[in-house]
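A.B. asks: below: sequence and its predicted model.
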Amino acid sequence: MARKKGQEMRIGDYSTLKTFATRTGAGALLALTILAGPSVPAPAQNLVDIIGGAAGSAGVPQIPAFLPDKYSVPETEPLPIDGVWMISTIGKRIRIENGRAYAVDPWLHLFILQVKPDMVVLQNFRRSGSAGQFMADDLPLQGPASFQLKPDGNIKVTVQGAFGPVGYDLIRREPAFPDALGTEIAAMTGNVYSPPPAV
């Protein structure tokens, strides 16, 4: 419906709220979602879920992340840290396997990029020094990642990402080679590894 010069536009001029949201821009809806949200600080992943959900409902497109799948990245030698790990900051699982790590669970990266299962998120795993130290290339964060195995069996990760350093832990879920992982931890700590008794 055409408006006369100087006539004020009203929400009622639009046939649907969706049309209104589209015309006023997804950015305004995202800002409203953030400002109207709870005042209690939320974990980072919760904020990503809130904003990502708002972006989706506002019509902000979500596209597959620009990552290779596990079949297109050559395998190298297995390492004691091969297996399934959970990324502490987002609660999502990856599998380290023969020199690369790929997603087990899907997640949203930078609000619009969908990381899907079997997409490679780390590649070129290699030892970087003494026992328990490894390196790889973090593809979503676009930088080198250093891995320090801890005595509790988890891994401290530091990435020199494109937007600055990022840190998180990999929480052990299903080690591929439990005895090799135990031997690696023992070599780090100066202890002797004793495998658990067979059941």
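C.D. replies: Thanks, I have the structure now.
A.B. asks: C-alpha from now on. contacts and neighbour counts both.
C.D. replies: OK.
A.B. asks: hey, which strand is longest across this protein?
C.D. replies: Scanning the chain for the longest strand, with DSSP state E as the assignment, gives strand 164-175.
A.B. asks: what packs against it?
C.D. replies: With contacts defined as 3 or more CA pairs under 8 Å, 6 or more residues apart in numbering; DSSP states H and E, strand 164-175 has these neighbours: strand 83-87, strand 155-161.
A.B. asks: quick check: which of those is nearest to Leu110?
C.D. replies: strand 155-161 (13.4 Å; CA to CA).
A.B. asks: could you list the alpha-carbon positions for the closest one in PDB?
C.D. replies: The C-alpha coordinates for strand 155-161 follow below in PDB (Å, rounded to 0.1, in the frame of the first residue of the first chain):
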ATOM      1  CA  ILE A 155      44.600 -32.200  26.700                       C
ATOM      2  CA  LYS A 156      45.200 -28.500  27.000                       C
ATOM      3  CA  VAL A 157      45.000 -26.800  23.600                       C
ATOM      4  CA  THR A 158      46.200 -23.300  22.700                       C
ATOM      5  CA  VAL A 159      45.600 -22.000  19.200                       C
ATOM      6  CA  GLN A 160      47.200 -18.900  17.700                       C
ATOM      7  CA  GLY A 161      44.100 -18.100  15.700                       C
END
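A.B. asks: for that strand, which strands pair with it and how are they oriented?
C.D. replies: For strand 155-161, the pairing partners within the sheet under DSSP bridges are strand 143-149 (antiparallel), strand 164-175 (antiparallel).
A.B. asks: which of the ones you listed is buried the deepest?
C.D. replies: strand 143-149 (a mean of 21; mean count of other CA atoms under 10 Å).
A.B. asks: need the three-state assignment for Ala187.
C.D. replies: Taken by DSSP: H, G, I helix; E, B strand; the rest coil, the conformation at Ala187 corresponds to helix.
A.B. asks: going along the chain, name the helices of the chain.
C.D. replies: For the chain, helices defined by DSSP state H occupy the ranges 17-24, 26-35, 44-57, 178-189.
A.B. asks: what is the rounded mean pLDDT of the shortest one?
C.D. replies: Which is helix 17-24. Helix 17-24 shows an average pLDDT of 36 in the prediction.
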